[in-house]
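S.K.: quick one: sequence and predicted model below, then my questions.
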Amino acid sequence: MSGVGAWIRYGDPITPDQREFAAKHYRSAILQPWETAAAAQLKRLRPDMTVLCYKCLSSTRDYEPGPVYSSGISYQEAEQQGGSWFATRLDGSRIQWNGYGGHWQMNVLDPAYRERWVENVSAELADSPFDGVMADNDVFEDYYQLDLPIREADSMEDLRHGLDLLVHAAGTSLNSVGKILVPNIAESRRIPGRWASHAAYGGGFEEVWLGYGPANLFDPVTAEAQLGQVEGPGLSILRVPTDGDDTHPNFTYGLAAFWIFGAGRGSYSATAHDDYSRTQHIPELDWSLGSPQGKPEGRNHVWSREFSNGWAAVNFNQDGRRRKRVRVPVGLQDASGRPAPSSVVLPAQRGVIYQRGQNN
């Protein structure tokens, strides 16, 4: 059993073959909260794996039959409480998320909503095989076209304040029952200290690490502003966007950065948008490069780092003309077992990772 991979798997029902594969190749997993049998099997097969269940902080879904829900409060429970926990527009109408039918925005500024969310999730997790919760939609901008102002919230800053209170309350409560909270902390780089604050209860999830999409990677300054996330606190789960093909160069690009700046801490994934029904994998995801042999070395947004069992390099530059030749330490090999070259020319927004050969 090996690997630094994160299995982001809250899509279609999980197959037995996927469970077996995951136990061999992933360090962490995020599953739907009703996948308790899969969670229990993963913990039996891989006791050191961190297995989290999905819960949404900001919405409820009207199509889920229950009795377990992907939100902290079900649509039916919110209705039974009189409907005041739903966010509403200025005309009083409820707000369905654009692009996600059946997802309804909740009023995260309502203390009663936050209290019930925390009560429900803490009670559900107390005797669960899950190690904790990945709390989705710790949002920053208006991703779902709420079109503020809405009732009780003039701006996204108001909603972020409500989410801040909810994250701290949920994290404190879950920690008290021996579970962790790992929020999906959107755009934390834009507010100093936000990542550390929201990750303080077990870790943080960055769903758009190094870019928004496979062809929309961040400029070097923005990319480097995210690098501190690999240092924790807790478990950092970092996802880089691809087009869904595991041979996409972004997979290795992000993995190289993960090793250079995190030295193997946390866990890593590369997927297409909302592509959370498969077992994404490349051989390098299973590697352990060992202990760092120094700090990251870099110049002009090109970085490398040597480890006791390997080496990685990355070029964060966005301009295609900024190719950079980097010297490769001796005695390394690629995933096919071929000897690594003595130097490699890294194009913009590309990374490379080599491990030490068997006879070295």
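M.R.: Arrived safely.
S.K.: strands of the stretch 51-200 of the chain, start to end?
M.R.: 59-61, 103-105, 132-138, 180-185 (DSSP state E, counting those that start in this stretch).
S.K.: quick one: buried residues of the last one?
M.R.: Same thing as strand 180-185. Buried residues in strand 180-185, counted by 16 or more other CB atoms under 10 Å: 180, 181, 182, 183, 184, 185. The C-beta positions use only the backbone N, C-alpha and C, and glycine is treated the same way.
S.K.: as CSV, those with pLDDT and distance to residue 326 would be great.
M.R.: Formatted as CSV, these follow (pLDDT from 0 to 100; distance: CB to CB, whole Å):
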residue, pLDDT, distance to residue 326
180, 98, 37
181, 98, 39
182, 98, 34
183, 98, 36
184, 98, 33
185, 98, 32
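S.K.: for residue 23, find the nearest of the strands of the stretch 51-200 of the chain.
M.R.: strand 132-138 (18.5 Å; CB to CB).
S.K.: each with direction, which strands does that closest one pair with?
M.R.: strand 50-56 (parallel), strand 180-185 (parallel) (DSSP bridges).
S.K.: just the residues contacting that strand, thanks.
M.R.: 30, 50, 52-59, 121, 125, 163, 167, 170, 174, 179-186, 198, 202, 205, 237 (CB atoms under 8 Å, 6 or more residues apart in numbering).
S.K.: what do you get for stretch 208-216?
M.R.: Contacts with stretch 208-216, where a contact means CB under 8 Å, 6+ apart, come from 186, 217-218, 223, 226, 229, 238-243, 248, 250, 253-254, 257, 272-273.
S.K.: just the buried residues from the residues you listed, in ChimeraX please.
M.R.: In ChimeraX, this line selects whichever of these come out buried by 16+ other CB under 10 Å:
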select :186,217,218,223,226,229,238,239,240,241,242,248,250,253,254,257,272
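S.K.: which residues in the stretch 1-150 of the chain form helices?
M.R.: 16-25, 36-45, 75-80, 111-125 (DSSP state H, counting those that start in this stretch).
S.K.: nearest to residue 321, of those?
M.R.: Of all those, helix 16-25 comes closest under CB to CB, at 37.2 Å.
S.K.: just the CA trace of that closest one, in CSV.
M.R.: Taking C-alpha atoms only, helix 16-25 is exported to CSV below (Å, rounded to 0.1, in the frame of the first residue of the first chain):
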residue,chain,number,x,y,z
PRO,A,16,-16.3,-3.3,-5.3
ASP,A,17,-13.3,-3.1,-7.7
GLN,A,18,-13.0,0.6,-7.1
ARG,A,19,-12.9,0.0,-3.3
GLU,A,20,-10.1,-2.5,-3.7
PHE,A,21,-8.1,-0.2,-6.0
ALA,A,22,-8.6,2.7,-3.7
ALA,A,23,-7.3,0.9,-0.7
LYS,A,24,-4.0,0.2,-2.6
HIS,A,25,-3.5,3.6,-4.2
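S.K.: and it, what does it pack against?
M.R.: Helix 16-25 sits against strand 5-9, helix 36-45, with contacts defined as 3 or more CB pairs under 8 Å, 6 or more residues apart in numbering; DSSP states H and E.
S.K.: so which of the contacts of stretch 208-216 sit within helices?
M.R.: Mapping the contacts of stretch 208-216 onto helices (DSSP state H) picks out 223, 250, 253, 254, 257.
S.K.: can you redo these as CSV with distance to residue 156 and pLDDT?
M.R.: What follows is the ones in helices among the contacts of stretch 208-216, written out as CSV (distance: CB to CB, whole Å; pLDDT from 0 to 100):
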residue, distance to residue 156, pLDDT
223, 24, 97
250, 28, 98
253, 30, 98
254, 27, 98
257, 29, 98
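S.K.: want to throw those residues into TSV with distance to residue 137?
M.R.: TSV is the format used below for the ones in helices among the contacts of stretch 208-216 (distance: CB to CB, whole Å):
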residue	distance to residue 137
223	23
250	24
253	26
254	22
257	25
